[in-house]
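Undergrad: here is a sequence together with a model predicted from it:
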Amino acid sequence: MDGGNAALRDGVIGLVAEGYDFWETVNLPVLPISERYIISDESLSVYKGEHAVNLAVACQCFWLFRKLHGMTEENPVSATLLGDYFFSVFSKNLIPLDSVALNDEFARLLASDTQDSASLSGFMEFVRTLPAVLRSDQ
């Protein structure tokens with residue numbers, strides 16, 4: 001990771017650290033290190049705009065929200081509450097992007113996700129489409 005992306009990743013780490021700290025205190029399977037920044041790193045690799053960190057955090061937190069809500073059968077309270085926490089971080093980081101089109105894309109994904117949970121590779125492909133969505137909204 002180059003110096004510019006490393007600085008951006010540090011920004012992402014700072015914004016999701018509290019959530020990962022919460023994760024370690026609840027009775028949930030440990031999130032593999034390989035998944036902690038996989039989505040945000042992908043976002044940072046494709047989008048270099050003014051609010052790149054916010055988009056990366058939003059993407060990472062949306063993925064975690066979906067992952068956690070998929071774990072509610074085994075851990076209903078912990079997975080739901082932590083998933084809702086990550087959804088709130090997702091929402092907070094969408095605000096600076098100020099993009100109706102981006103909000104609509106996430107809403108469409110969430111609507112389709114209730115019927116068929118997307119794979120990690122499918123979500124990464126979705127993330128790769130977001131810079132075009134942001135450009136179309138300007």
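TA: Perfect, I can see it now.
Undergrad: can we go C-alpha only for contacts and neighbour counts from here?
TA: Noted.
Undergrad: which outside residues touch stretch 5-16?
TA: Applying Cα atoms under 8 Å, 6 or more residues apart in numbering, the contact partners of stretch 5-16 are Ser40, Asp41, Leu44, Ser45, Ala52, Val53, Asn54, Ala56, Val57, Cys61.
Undergrad: what strand or helix carries the third one?
TA: By that I understand Leu44. Per DSSP states H and E, Leu44 falls inside helix 38-46.
Undergrad: output that helix as PDB, restricted to C-alpha atoms.
TA: Provided in PDB are the C-alpha atoms of helix 38-46 (Å, rounded to 0.1, in the frame of the first residue of the first chain):
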ATOM      1  CA  ILE A  38     -10.800  -6.100   3.000                       C
ATOM      2  CA  ILE A  39     -13.800  -4.000   1.900                       C
ATOM      3  CA  SER A  40     -12.400  -0.600   2.900                       C
ATOM      4  CA  ASP A  41      -9.100  -1.400   1.200                       C
ATOM      5  CA  GLU A  42     -11.000  -2.200  -2.000                       C
ATOM      6  CA  SER A  43     -12.900   1.000  -1.700                       C
ATOM      7  CA  LEU A  44      -9.600   3.000  -1.200                       C
ATOM      8  CA  SER A  45      -8.100   1.300  -4.300                       C
ATOM      9  CA  VAL A  46     -10.900   2.400  -6.600                       C
END
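Undergrad: what residue is smack in the middle of this protein?
TA: Nearest to the mean C-alpha position of the chain, by Cα atoms, centre = their mean, lies Gln60 at 2.1 Å.
Undergrad: and it, what are its phi and psi?
TA: Per-residue torsions, Gln60: phi -60, psi -40 (degrees, to the nearest 10).
Undergrad: that one and Ser136: what is the separation?
TA: Gln60 is 22 Å from Ser136, where distance means Cα to Cα, to the nearest Å.
Undergrad: got it, and Phe62?
TA: For Phe62, the distance to Ser136 - Cα to Cα - is 22 Å.
Undergrad: these two: who's more crowded?
TA: With neighbours defined as other Cα atoms under 10 Å, Phe62 and Ser136 compare such that Phe62 has more, 24 against 11.
Undergrad: okay, and the more buried one sits in which element?
TA: Phe62 belongs to helix 52-69, assigned by DSSP H and E.
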